[in-house]
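Student: Structure of the sequence below:
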Amino acid sequence: MEDLKNIIRDIPDFPKKGIIFKDITTLLADAVSFQRMIDLMSHRYIGKKIDKVVGVEARGFIIGSALAYKLGAGVVLVRKPGKLPGETFKKSYQLEYGSDTLEIHTDAIKKGERILIADDLLATGGTTAAVVDMVNSLGGDIVECCFMAELDFLHGRDKLPQGKVFSLLTF
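Tutor: Got it, this is the predicted structure:
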């Protein structure tokens, strides 16, 4: 795993001073590393009968789509307001510096479908906690929340369903 971690570059003071941003674009751009990352993540869910993978805007679309392809599942997009054309369910949530809102199509998940929530990075957990609430409200059965990487010092997994969080890499 260290070889994958080493490909992810640190960008100091982005998006604001004092933050070290984990830039995954370097891993995504490396075909062998990207394929290995998706293979390692998807292997965990083979045989678990995942119906849909929920990808969280925007890098979660990349991870979620690749996982859905490997698992033979559908893809559901969770987006910022005004980006989805059909009827949507909205969820507002608090961030450490304000609030935000996400939307999902109301018909994207059917009651009882087995759902894998996918994103690139678990930080404080606020965004994913909102997505968990959305999926639960639509009647989905969350199998797990999976992430390419986790900043474990931020304790984001504490906001998510206990025992239903997987991160391939931790920082």
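
Student: so the nearest residue to residue 68 once chain neighbours are set aside is in which element?
Tutor: The spatially closest residue to residue 68, leaving aside those adjacent along the chain, is residue 53, at 4.0 Å (C-beta to C-beta, 6 or more residues apart in numbering). From N, CA and C alone the C-beta is placed, and that goes for glycine too. Assessed by DSSP states H and E, residue 53 sits inside strand 52-56.

Student: That strand pairs with which strands, parallel or anti?
Tutor: Strand 52-56 has the following strand partners under DSSP bridges: strand 74-78 (parallel), strand 114-122 (parallel).

Student: Strands along the chain, start to end?
Tutor: 9-12, 20-23, 52-56, 74-78, 88-95, 98-105, 114-122, 141-150, 165-170 (DSSP state E).

Student: could I get the ones you listed as CSV with mean neighbour count and distance to residue 158?
Tutor: Below are the strands of the chain laid out as CSV (neighbours: other C-beta atoms under 10 Å; distance: least, C-beta to C-beta, whole Å):
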stretch, mean neighbour count, distance to residue 158
strand 9-12, 11, 24
strand 20-23, 15, 20
strand 52-56, 26, 18
strand 74-78, 21, 21
strand 88-95, 15, 15
strand 98-105, 16, 19
strand 114-122, 25, 11
strand 141-150, 22, 12
strand 165-170, 18, 9
